[in-house]
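Undergrad: with the sequence up front, the predicted model follows.
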Amino acid sequence: MIAAILESGELERLSTGLALLVSAAADGEEARALVTFGALAPMLADDLAERARVPEAAPAVANREAFAETLAALRETAAELPGLRMWACAGALEATGIDRALAEARLDGVMSTPRFLREVEGAQLVVV
């Protein structure tokens, strides 16, 4: 199993983390993610592709349209893969004031960091 803590709101990093998780799950490996602080807003946003087209949102990106489409597709694919589960971090939700119901609707629910770490014990763990 591979597990990731998606913390960064930097869209290039979020794309990298999602690509890692989606690739692993598509290859049949179980994948898990805890979405925290900076990553919560973009992961829950209706307008993720539009955000990715803004130059300041992804300064290293030259082809904004391709990046925006790929990022949105990665998030959509992540939600559809049966071997990939993602939860919002309970503490980050409370700290950021993001609506818990929104997180529960768009992700696999809400989980504390200690519980997530117990759930993925023995997995390869990355922080993005």
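TA: Yep, that arrived.
Undergrad: could you list the low-pLDDT ranges of the chain?
TA: By pLDDT under 70, the chain has no low-scoring segment.
Undergrad: count of neighbours near F37?
TA: 18 (other C-beta atoms under 10 Å). To be clear about C-beta, it is placed using only N, CA and C from the backbone, and glycine gets the same treatment.
Undergrad: correct me if wrong: it contacts L93.
TA: No. Assessed by C-beta atoms under 8 Å, F37 is found out of contact with L93, at 9.6 Å.
Undergrad: if I look at the most far-flung residue of the chain relative to its centre, how far off is E30?
TA: The C-alpha centroid of the chain is most remote from A62, which lies 22.3 Å away (C-alpha atoms, centre = their mean). Distance, A62 to E30, using C-beta to C-beta, to the nearest Å: 34 Å.
Undergrad: and for D46?
TA: Separation of D46 from E30 (C-beta to C-beta): 28 Å.
Undergrad: more neighbours: which of those two?
TA: Remark: of D46 and E30, E30 carries more neighbours, 15 against 9, as counted by other C-beta under 10 Å.
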